[in-house]
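> Based on what follows, work out the 3D shape:
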Amino acid sequence: MPLKLEIVTPDARVYSDEVDTVVLPGYEGEMGVLPAHSNLVTTLRPGELRITKAGKTTELAVGEGLVEVTGSVTRILTDSALDADKIDEKAAEEAIARAKKTLEELKPGEHQEEVAAAMAAIQRATAHLNFKRKRKTV
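Numbers count the residues shown, from 1 in each chain. Prediction:
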């Protein structure tokens, strides 16, 4: 019994197919989803998502988001989902530098929304860099 997987970003439906397994980065750690998995809704953290279908593994770098598992369907709503060749290392490094500069300029205890946005940008860009660099050595 296959598992229907849908990955959606604000820009497009990135993936929609029947798969054997999905391993995703949750806030509690890495989580595997198989067909007939218990229903759940959880958060997605920036990191690496692995999809296995017919013995072939596809990997994507994902950002923050939500995961909904309902028996035979898994839906992932995320702010980004990219394969390694779509990740620009220089742009990711620049995003980290901008976010760090923003954090340095903010006064402690103020502008909590800006702090959260900068921290999220650092996490996402770092996940993209790690994913891209890992693929270079493989």
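> Outline the domain layout of this structure.
With automatic domain parsing as the criterion, the domains of the chain are listed as 3-82, 88-137.
> which one of those has the most crowded surroundings?
Most buried of the domains of the chain, by mean neighbour count (mean count of other C-beta atoms under 10 Å): domain 3-82, with a mean of 16. C-beta here means a position set from N, CA and C on the backbone, and glycine is covered the same way.
> quick one: average confidence on that one?
The pLDDT scores in domain 3-82 average 93.
> what's the span of that domain, first residue to last?
One end of domain 3-82 to the other measures 21 Å (C-alpha to C-alpha, to the nearest Å).
> In CSV, list the C-alpha atoms belonging to the helix or strand hosting residue 31.
Secondary structure from DSSP states H and E places residue 31 in strand 29-33. C-alpha atoms of strand 29-33 as CSV (Å, rounded to 0.1, in the frame of the first residue of the first chain):
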residue,chain,number,x,y,z
GLY,A,29,14.1,15.1,15.6
GLU,A,30,14.1,13.1,12.4
MET,A,31,10.7,11.3,11.8
GLY,A,32,9.9,8.5,9.4
VAL,A,33,6.5,8.1,7.8
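> What's the local residue count around residue 83?
14 (other C-beta atoms under 10 Å).
> Dihedrals phi and psi, it?
Phi and psi for residue 83, reported as degrees, to the nearest 10, are phi -90, psi 170.
> hmm, back to that, name the helices or strands packed onto the next helix or strand after the strand holding residue 31?
Downstream of strand 29-33, the first helix or strand assigned by DSSP H and E is strand 37-44. Contact analysis of strand 37-44 by 3 or more C-beta pairs under 8 Å, 6 or more residues apart in numbering; DSSP states H and E lists strand 21-26, strand 65-71, strand 73-78 as its packing neighbours.
> Which strands or helices does the last one pack on?
On a contact count with 3+ C-beta pairs under 8 Å, 6+ apart, strand 73-78 meets strand 3-8, strand 37-44, strand 65-71.
> would you list those strands in CSV and tack on distance to residue 94?
As requested, these are arranged in CSV below (distance: least, C-beta to C-beta, whole Å):
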stretch, distance to residue 94
strand 3-8, 26
strand 37-44, 24
strand 65-71, 23
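> All set now, cheers.
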